[in-house]
Every structure is written in C-alpha cells, then in structure tokens.
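Engineer: sequence unknown, structure follows:
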Ligand code: 5GP
C-alpha cells in the first residue's frame, strides 16, 4: 500500500510555523530541532521538509537533492552537537522509528540523534 501523508501531524505543523521549535539547523530541505522530551543530554530530531512518512518512504521516493541535503544535515548536526567520534567526541545513536513495529509516534520521517551519555542497549529486551 502506498504511503499516505497526514498534513496535520505535529512535525508538519512545526514546518508550517504553527508550533514553535528550538531549531538547531535549517537547510533548504531539512530542519533539525531539539526533542520536546529529551531522553538524553543530547536529543535532537532531524526531519526532511518534504511529506515523507518513514525512512524507506524517503529513501525510495525523495529526490537526490533532498537525500543529499538531509544526509549532510544529519552530519552537520552531529558536528554542531559535539558527538562525532571522529573528532574525539563521545558518539551517539541514530534512530528512525518506523511504523507500528518501530513504535513511531509522529508520522513524518525523523531521525533521533541521542548522545551526551552512554545510550544503552540497541534494542530493549521487553516489548
Ligand atoms: P517517535 O516515537 O515518533 O520516533 O518520536 C517522536 C518524538 O517527537 C518524541 O521523542 C517526542 O518527544 C517528540 N515530539 C513530539 N511532539 C513534539 C513537539 O511538539 N515538539 C518537539 N520538539 N518534539 C516533539
């Protein structure tokens, strides 16, 4: 079944300026902002501006320009947040929850960048 994008989701409202956000970086095709309920000392969300529901939706249907912009934005945000291992920083985890099994709450693609402490196990053993 093709993806259906809900333009009333909370990140669409952030992109339209209807809800405030603490912006970290804005590029032509991407926006990075602090998570409203941080789970770690560093917790930033990076979203594409286009109407994509999940990472696979974006990867399969976005333009090359959008994909490059989004990927570079994530790299730039990691540098800005001071979490890049290549610079001697402590590292981070990148998460893209997708769909029901991934327990995705907001149906607009977002990656979480979590850092500032050891983030723990990759996947919880409990459901
Ligand atoms: P998901 O479970 O979909 O991967 O994560 C959604 C994330 O969006 C959660 O970490 C939640 O705290 C965050 N979030 C939900 N509503 C808002 C909001 O209005 N502003 C910001 N900055 N983050 C939000």
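Structural biologist: All right, it came through fine. Bear in mind the structure is a predicted one, so any value in this text is a computation, not a measurement. Numbering: from 1, shown residues only.

Engineer: how close does residue 80 get to residue 74?
Structural biologist: Residue 80 is 11 Å from residue 74, where distance means Cβ to Cβ, to the nearest Å. To be clear about C-beta, it is placed using only N, CA and C from the backbone, and glycine gets the same treatment.

Engineer: the more surrounded of those two?
Structural biologist: Ranked by neighbour count (other Cβ atoms under 10 Å), residue 80 and residue 74 place residue 74 first, with 17 against 13.

Engineer: isn't that one right next to residue 94, touching?
Structural biologist: Yes: at 7.2 Å, residue 74 counts as touching residue 94 under the criterion of Cβ atoms under 8 Å.

Engineer: Spell out which residues are contacts of both of those two.
Structural biologist: Contact criterion Cβ atoms under 8 Å, 6 or more residues apart in numbering; residues shared by residue 74 and residue 94: 111, 113.

Engineer: For the longest helix along the chain, buried residues please.
Structural biologist: In the chain, assigned by DSSP state H, the helix with the most residues is helix 64-81. By neighbour count with 16 or more other Cβ atoms under 10 Å, helix 64-81 contains the buried residues 66, 69-70, 73-74, 76-78, 81.
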